[in-house]
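[1] what follows is a predicted structure for the sequence shown.
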Amino acid sequence: MRVVELRRHSQRNPGDPHLSNEGRDLARRVALTIGPFERVVTSPLPRAVETAEALGFRVDATIPELAPSPDSIADEVDRATPRSFGDYVRLLHGRPALLEYARHQVGVLAEELERVSEGGRLLMISHGNVIEFAAAAACPKDAATFGAVVRYLEGFRVQRERGRWTHGEAVRVPG
C-alpha cells in the first residue's frame, strides 16, 4: 500500500504569484500536523513550491499537470459553480472533457505514487479544481462525502493498493 496526499497551496494575495505572510504562517502551523513524506511534488507555480518549502519539505519535482486546470476546463467549472466534492463527482457524468481531465489527473497521481516505496507516502501540492477532480475520479464514493471544496492547504488523502484506489478521506485545516 502507498498513500498520496494532494493539497491546495497556501494563501497568497490576489494577483501575486507568491505566498503572503499569512500563507507562510498557515503553512508553518499545518506543518506541525502532517508528514513524513518520502516524496514531495508540486505544481511549478511559485505559490505551490513555496507552500511545500514553508511546510518544511524539499521539493523533489514540479509537474505541469498539477498547475491550475486549462481555461476550457475552468470555464466549464465556472458555469457549473460546484460547491462541494460531491458536485465534482456529479460533473463527471455526461461531460466527456471533464471526465478525461479528471482521469488524467488520477493518472498523474498514480504515476508519481509508483516512485514511492511500498508503504511510503507522497505529498502533492496543487490548486483548486485539480484536487476536486482528482478525488472525484480516484474515489468517487468517498469524495461524494468530503463536503465543501478545498480551502488553503486542504485536500484529500487516498491509498493505492494493488493498482486500485482505496480509502479516500478529506484533509481539512481547522478553522
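    Nice, thanks for sending it over. Numbers count the residues shown, from 1 in each chain.
[2] give me the element the residue of the chain positioned farthest from its centre is part of.
    No residue in the chain has its C-alpha farther from the mean C-alpha position than residue 94, which lies at 23.4 Å (Cα atoms, centre = their mean). Residue 94 is part of no helix or strand, with elements assigned from DSSP states H and E.
[3] ramachandran angles for it?
    The phi/psi pair for residue 94 (degrees, to the nearest 10) reads phi 80, psi 10.
[4] what do you get for residue 14?
    Per-residue torsions, residue 14: phi -50, psi 130 (degrees, to the nearest 10).
[5] could you give the number of residues near it?
    The local packing of residue 14 (other Cβ atoms under 10 Å) involves 5 other residues. C-betas here are computed from N, CA, C, even on glycine.
[6] cool, residue 132 as well?
    Using other Cβ under 10 Å, the number of residues around residue 132 comes to 29.
[7] not counting sequence-adjacent ones, nearest residue to it?
    Of all residues beyond its chain neighbours, the one nearest residue 132 is residue 88 (4.1 Å), with distances taken as Cβ to Cβ, 6 or more residues apart in numbering.
[8] which other helices and strands does the helix or strand hosting the one you found contact?
    Under the criterion of DSSP H and E, residue 88 resides in helix 85-91. Other elements packing on helix 85-91 under the criterion 3 or more Cβ pairs under 8 Å, 6 or more residues apart in numbering; DSSP states H and E are helix 71-80, helix 130-138, helix 140-143.
[9] now the strands for the protein?
    Counting by DSSP state E, the chain forms strands over residues 2-8, 39-42, 61-62, 121-126, 155-161, 164-171, given from the N-terminal end onward.
[10] tell me the most buried of these?
    Of all the strands of the chain, strand 121-126 has the most neighbours on average by mean count of other Cβ atoms under 10 Å, namely a mean of 26.
[11] what's next to it, contact-wise?
    Counting by Cβ atoms under 8 Å, 6 or more residues apart in numbering, strand 121-126 makes contact with 2-9, 34-43, 48-49, 51-52, 55, 57, 66-67, 109, 112-113, 115-116, 134, 155, all of which sit outside it.
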